[in-house]
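Asks: Could you look at this predicted model? Sequence included:
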Amino acid sequence: MVSLNERFDYLNRIQQIPKIKQFSDFLNGNYCAKSITRDDPCCIGFNDLIDSLSNNDEQMFKEFYNDYSRKKPSSDSLWINDDFLIFLLILGIVRYKIDRNWIKESIGVRVTQKPEYQSISKTFYNILENNFHSNDNLYEIVIVFQYLLNIPMSVEYFDDLYIRISRNNNLFSSKNEFLICLSIKAIDIIIISKELPNNTEIARMREFIKIFSEKVMIISKVICYIILSLVIVLIFVFWSNYKDIFNLVSIILSIVGVSFMVLLKKIQNIINKYLLFVFGYSKIFIKS
């Protein structure tokens with residue numbers, strides 16, 4: 001089981017590695033442009049890329065992207081196999097709806113014999129194809145990507161991913177810093193989202209609320225019409241005996257400006273509110 005101490009030790013260790021620290025800060029919303037180290041050769045351009053995404057600066061990102069997209073993808077290029085860089089490029093390309101052909105070509109020329117890195121490349125490509133549910137995906141990448149772009153996440157993968165990461169005793173001894181950062185963030189997302197219903201459940205709940213209130217309104221109208229029918233029957237039954245009283249009531253109502261239909265509407269609203277209260281709806285969904 002991955003311990004908190006291992007996590008804290010790792011986070012402390014990467015404080016001395018500017019590029020990984022900046023990436024980790026970006027994932028966790030702690031990125032600060034003033035704290036970046038621009039004289040580190042590993043961070044040339046990388047800082048501006050993170051800066052543009054952190055500030056949601058579309059123009060700045062596109063300027064960076066245009067500079068990179070002029071490069072012909074080649075397996076000999078160092079940047080091609082930079083998972084941090086490719087992830088951020090994909091993030092901005094999807095966010096700002098930029099043509100994906102160049103980045104797909106770039107991913108296609110990545111060459112590696114290691115299954116782990118092959119899975120990363122496959123996941124990148126699936127994301128660009130909007131295929132978030134492939135069994136080939138590394139879901140620590142997919143979940144963090146969806147989270148950062150506020151794309152609805154599939155919670156059915158949460159349990160298996162949480163177990164796989166938390167039981168990975170070699171996680172922090174791995175040399176793949178990219179997957180370590182994303183695994184830590186994925187665990188945080190899972191824990192925060194664990195008790196929340198998924199998007200489908202929320203949509204169904206909202207639809208139920210709408211349908212329920214409409215059904216109660218129909219029931220209120222039916223009850224109101226039943227009351228109206230009873231009143232009409234009583235009027236006909238007792239009209240001859242209480243004609244003077246009915247005439248007096250009609251005169252009084254006409255004087256105060258209350259029509260029968262307005263009175264009927266008020267009765268319907270009272271019945272509707274009472275039914276919502278009885279069924280417990282008003283206690284949950286209607287603020288006092």
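Replies: Thanks, I have the structure now.
Asks: and residue 75, how many residues sit next to it?
Replies: Neighbours of residue 75 under the rule other C-beta atoms under 10 Å: 11. Glycine gets a C-beta too; all of them are placed from N, C-alpha and C.
Asks: can you check residue 172 too?
Replies: Residues lying near residue 172 (other C-beta under 10 Å) number 16.
Asks: what kind of secondary structure is it in?
Replies: coil (DSSP: H, G, I helix; E, B strand; the rest coil).
Asks: again with the one 3 residues further on
Replies: Remark: residue 175 carries the secondary structure label coil [criterion: three-state DSSP].
Asks: Now residue 124: which helix or strand?
Replies: Using DSSP states H and E, the element containing residue 124 is helix 115-128.
Asks: Off-centre distance for the helix or strand that that helix is followed by?
Replies: Sequence order places helix 139-148 as the next helix or strand after helix 115-128, per DSSP H and E. Per C-alpha atoms, centre = their mean, to the nearest Å, the displacement of helix 139-148 from the mean C-alpha position of its chain is 11 Å.
Asks: Please apply the same query to stretch 136-146.
Replies: Distance, stretch centre to chain centre, for stretch 136-146: 14 Å (C-alpha atoms, centre = their mean).
Asks: who's in contact with it?
Replies: 27, 87, 90-91, 119-120, 122-124, 126-127, 131-132, 151-153, 157-158, 160-161, 165, 179, 182-183, 185-186, 189-190 (C-beta atoms under 8 Å, 6 or more residues apart in numbering).
Asks: Quick check: buried residues in the helix holding residue 124?
Replies: Buried residues in helix 115-128, counted by 16 or more other C-beta atoms under 10 Å: 117, 120-128.
Asks: Would you format the residues you listed as a markdown table with distance to residue 145 included?
Replies: Formatted as a markdown table, the buried residues of helix 115-128 follow (distance: C-beta to C-beta, whole Å):
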| residue | distance to residue 145 |
| --- | --- |
| 117 | 17 |
| 120 | 12 |
| 121 | 14 |
| 122 | 14 |
| 123 | 9 |
| 124 | 9 |
| 125 | 13 |
| 126 | 10 |
| 127 | 6 |
| 128 | 11 |
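Asks: just for the stretch 1-150 of the chain, where's the confidence low?
Replies: Residue ranges of the stretch 1-150 of the chain with pLDDT under 70: 1-3, 32-44.
Asks: so where do the helices sit in it?
Replies: Assigned by DSSP state H, counting those that start in this stretch, the helices in the stretch 1-150 of the chain fall at 4-13, 18-27, 46-54, 58-69, 83-95, 101-108, 115-128, 139-148.
Asks: Excluding covalently adjacent residues, which one is nearest to residue 86?
Replies: In this structure, residue 86 finds its nearest non-sequential neighbour in residue 124, 6.1 Å apart by C-beta to C-beta, 6 or more residues apart in numbering.
Asks: Quick check, that neighbour in contact with residue 87.
Replies: Yes: shown here, residue 124 and residue 87 form a contact pair, counting by C-beta atoms under 8 Å, at 7.3 Å.
Asks: still on that earlier bit, the helix holding residue 124 relative to helix 101-108, how many degrees between them?
Replies: 160 degrees (axes from the mean of the first three to the mean of the last three C-alpha atoms, to 10 degrees).
Asks: got the contact list for residue 108?
Replies: Contacts of residue 108 by C-beta under 8 Å, 6+ apart are 73, 125.
Asks: Count the residues that sit near residue 177.
Replies: Using other C-beta under 10 Å, residue 177 is surrounded by 17 other residues.
Asks: could you measure it against residue 23, distance?
Replies: 8 Å (C-beta to C-beta, to the nearest Å).
Asks: how close does residue 180 get to residue 161?
Replies: Residue 180 is 14 Å from residue 161, by C-beta to C-beta.
Asks: And the two? Which one has more around it.
Replies: A direct count of neighbours by other C-beta under 10 Å for residue 180 and residue 161 places residue 180 higher, at 22 against 19.
Asks: before we move on, the earlier item: restrict the contacts of stretch 136-146 to the buried ones and give me that as a ChimeraX selection.
Replies: Buried residues among the contacts of stretch 136-146 (16+ other C-beta under 10 Å), as a ChimeraX selection:
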select :27,87,90,91,120,122,123,124,126,127,132,153,157,158,161,165,179,182,183,185,186,189,190
